[in-house]
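Peer 1: structure for the following, please:
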Amino acid sequence: MDTPSKKPVPKPGPPRPEGRVAVPKPTALRPARPGQAVPVPAAPAAPVQPDGDFPEAAITEAVGFGRAEEDGTVYVRGEEGERRVGQLANATPEEALRYFARKYLELAAAIDVLEQRIAGGAPAADVRKTAKERLQALPEAAVVGDTAALTARLEAIIESTAELEAEQRRRAEEAKAEAKAEREKLVIRAEELAATDPERIQWKNATREMNQLFEDWKAMQASGPRLPRSEDQALWKRFSHARSTLDKHRREFFAKLSERNQEGKRVKEQLIAEAEQLSVSTEWRETAQAYRALMDRWKAAPRAEPKEDDRLWARFRAAQDAFFAARDAYNAELDSAYAENLKVKEQLLAEAESLLPVKDLAAAKQRLRDIQERWEEAGKVPRADVRRVEDGLRRVERAVADAETAEWERTNPEARARANSALAQVDESIAQLEKELQAARDGGDSRKIERAEEALAARRAWREQIEKAASDFS
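Peer 2: Model (predicted):
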């Protein structure tokens, strides 16, 4: 961004003092009334400041713009002539002139400060106001020096600050707009957090982020440009409301969570009591089903507080483990007792499988019935082997049953008759299609020839299938 060009400030008459900058007292700008002496301490010592505050050359140059009478009355020469500036009692004319020359240099130093403030980016309006006040008081100032040079410098300051003030005002407005946008971002993010579903929000992260947003807000308030009161209050109202809403939702969420945790603890303690009561049951099948139902109820129950929930689950699981451990021990004992039965049934299964494939249906059925009777007499087998041996015997039984069904269908007179009747009907259909094909060929109709040939081929294929089925009944 280009800064507006400043008009050149006239070079001050006297050189700027080195070392400490002396700021004029209010009396330096206050004109003395006619006949009034400048207040000084009582004689014999004259109130003369050390010359070391300003360079001797600067004092000498300033003294050149005035004169003093023997009684200490001092005059300064300007563009409009000579003007009385005051009287210094108990002092020589030279001391009086040097006194008011130093007052001039103090005033010049104060103008130096204004120029430095402009260069340093101080508020132009404040500098402008101070320059106008000094310019207004300058014609009556009790100083001796080149007041015309001071007037030119003050006028240049006033003129340069006019453009600078407009530029600073524009920058200030831009800074306010940017600050407002930044605060609006904070407000919008805070409102987004407040609008999040309390059941889905991650409270630890959300609370940390909201606290950081608040710290950012305070930092902007402390170091950023101030917004208009109405805008600042409106944004703060939204931000504060979002913070309050999030805090309210957080408190409500954890209050409900505490209630759910308590309810979960109560429900699960009841389930644990039921599980512990079932843990000594020897009704293995019924109790296992009851534990599955308890597990479904446990999954549907509300969660307790995390550590408490883990402790409750450990108790519930211990009751289940006790029951299933007892059942496994019982089954292991049974399996040991049924080991011999398994050997018998495995031999019977091998004998049954030797019947396959079925060649003599009557003999196979008779041997299978004998095997089935001995199978029942053999008794139970270990649980791990029940399905294997039972499925093996079922396969043999199904194979014999399938063979019996096939034999019945092969020897069924009604089925043979139906096959012969269907064969006769297909023969009639084939004869008719052959006539239609010949007629189409005689007529030279290629489309009818194609359709007739396709239909005749399908009927002949069908006849082959029926003829094969009929041969099975022979």
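Peer 1: tell me which stretches of the stretch 301-450 of the chain form helices.
Peer 2: Here the stretch 301-450 of the chain has its helices, by DSSP state H, counting those that start in this stretch, at 306-337, 339-353, 361-378, 383-410, 413-443, 446-472.
Peer 1: okay, now the domains of this structure?
Peer 2: 26-169, 174-254, 264-329, 339-410, 413-472 (automatic domain parsing).
Peer 1: which of those domains sits most buried?
Peer 2: domain 26-169 (a mean of 17; mean count of other Cβ atoms under 10 Å). No exception for glycine: its C-beta is placed from N, CA and C like everyone else's.
Peer 1: would CSV of the helices of the stretch 301-450 of the chain with mean pLDDT and distance to Leu154 be doable?
Peer 2: Shown next, in CSV, are these (pLDDT from 0 to 100; distance: least, Cβ to Cβ, whole Å):
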stretch, mean pLDDT, distance to Leu154
helix 306-337, 88, 76
helix 339-353, 88, 120
helix 361-378, 90, 127
helix 383-410, 86, 111
helix 413-443, 80, 125
helix 446-472, 78, 117
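Peer 1: can you redo those helices as CSV with distance to Glu286?
Peer 2: As requested, the helices of the stretch 301-450 of the chain are exported to CSV (distance: least, Cβ to Cβ, whole Å):
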stretch, distance to Glu286
helix 306-337, 11
helix 339-353, 25
helix 361-378, 26
helix 383-410, 17
helix 413-443, 51
helix 446-472, 53
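Peer 1: between the ones you listed, which one is nearest to Leu227?
Peer 2: Taking Cβ to Cβ, helix 306-337 is the member of these nearest to Leu227, at 45.4 Å.
Peer 1: helices and strands around that closest one, which ones?
Peer 2: On a contact count with 3 or more Cβ pairs under 8 Å, 6 or more residues apart in numbering; DSSP states H and E, helix 306-337 meets helix 229-278, helix 284-300, helix 383-410.
Peer 1: got the angle for that helix vs helix 229-278?
Peer 2: 30 degrees (axes from the mean of the first three to the mean of the last three Cα atoms, to 10 degrees).
Peer 1: Arg102 is nearest to which of the helices and strands packed on helix 306-337?
Peer 2: helix 229-278 (46.6 Å).
Peer 1: nearest to Leu278, out of the helices of the stretch 301-450 of the chain?
Peer 2: Taking Cβ to Cβ, helix 306-337 is the member of the helices of the stretch 301-450 of the chain nearest to Leu278, at 6.2 Å.
Peer 1: centre of the chain versus that closest one, how much separation?
Peer 2: The chain centroid and the centroid of helix 306-337 are separated by 44 Å under Cα atoms, centre = their mean, to the nearest Å.
Peer 1: and the angle for it with helix 339-353?
Peer 2: Using the same axes, to 10 degrees: helix 306-337 against helix 339-353 is 70 degrees.
Peer 1: quick check: angle from helix 306-337 to helix 383-410?
Peer 2: Using the same axes, to 10 degrees: helix 306-337 against helix 383-410 is 60 degrees.
Peer 1: could you give the angle of helix 306-337 to helix 284-300?
Peer 2: Using the same axes, to 10 degrees: helix 306-337 against helix 284-300 is 160 degrees.
Peer 1: for the closest residue in space to Arg463 that isn't next to it in sequence, give its distance to Glu453.
Peer 2: In space, Arg463 comes closest to Val426 once its chain neighbours are excluded; the distance is 4.6 Å by Cβ to Cβ, 6 or more residues apart in numbering. Per Cβ to Cβ, to the nearest Å, Val426 is found 17 Å from Glu453.
Peer 1: contacting residues for Lys176?
Peer 2: By Cβ atoms under 8 Å, 6 or more residues apart in numbering, Lys176 lies in contact with Pro225, Arg226, Leu227, Pro228.
Peer 1: what about the second one, which helix or strand?
Peer 2: Meaning Arg226. Assessed by DSSP states H and E, Arg226 sits outside every helix and strand.
Peer 1: could you list the low-confidence segments of the stretch 201-350 of the chain?
Peer 2: Of all residues in the stretch 201-350 of the chain, none has pLDDT under 70.
Peer 1: please repeat the previous calculation with a cut-off of 80.
Peer 2: The model of the stretch 201-350 of the chain has pLDDT under 80 over residues 224, 333-334, 337.
Peer 1: under the pLDDT cut-off, which ranges of the stretch 1-150 of the chain? List them.
Peer 2: Low-confidence regions of the stretch 1-150 of the chain, defined by pLDDT under 80, span residues 1-53.
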